[in-house]
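Novice: Got a predicted structure here, sequence first:
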Amino acid sequence: MHKKSLIQTNPYLRAPEQYRKALVTNVSSSTAIETGATVASIAKTLSPESKAVRTPRRSAR
């Protein structure tokens with residue numbers, strides 16, 4: 001029996017932009033419920049164009 005690779009079976013790996021949009025929507029709505037902020041403001045913060053979300057840098061220690 002021939003197994004398919006993960007990229008063949010997982011639709012999100014074939015459409016990363018669609019995945020990112022769905023992820024931002026999901027996280028935004030969940031965070032809005034918890035914090036009381038608007039979904040739009042959270043989605044704007046999480047968007048790839050936003051400079052608010054940064055990857056933490058490791059310490060040089």
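Specialist: Perfect, thanks for sending it.
Novice: element containing the residue nearest in space to the middle of the chain, please.
Specialist: Taking C-alpha atoms, centre = their mean, the centroid of the chain lies closest to L23, which sits 4.0 Å from it. Taking DSSP states H and E as the criterion, L23 maps to helix 16-35.
Novice: buried ones in that helix?
Specialist: By neighbour count on 16 or more other C-beta atoms under 10 Å, the buried set for helix 16-35 is V24, S28, T31, A32. Quick note: C-beta positions are derived from backbone N, CA and C, even for glycine.
Novice: Quick check: the residue nearest to the centre of the chain vs K3, distance?
Specialist: 27 Å (C-beta to C-beta, to the nearest Å).
Novice: Does anything pack onto the helix or strand of the chain with the lowest mean pLDDT? Which helices or strands?
Specialist: The least trusted helix or strand in the chain, going by mean pLDDT, DSSP states H and E, turns out to be helix 11-14, with a mean of 78. Contacts defined by 3 or more C-beta pairs under 8 Å, 6 or more residues apart in numbering; DSSP states H and E place helix 11-14 against helix 6-9, helix 16-35.
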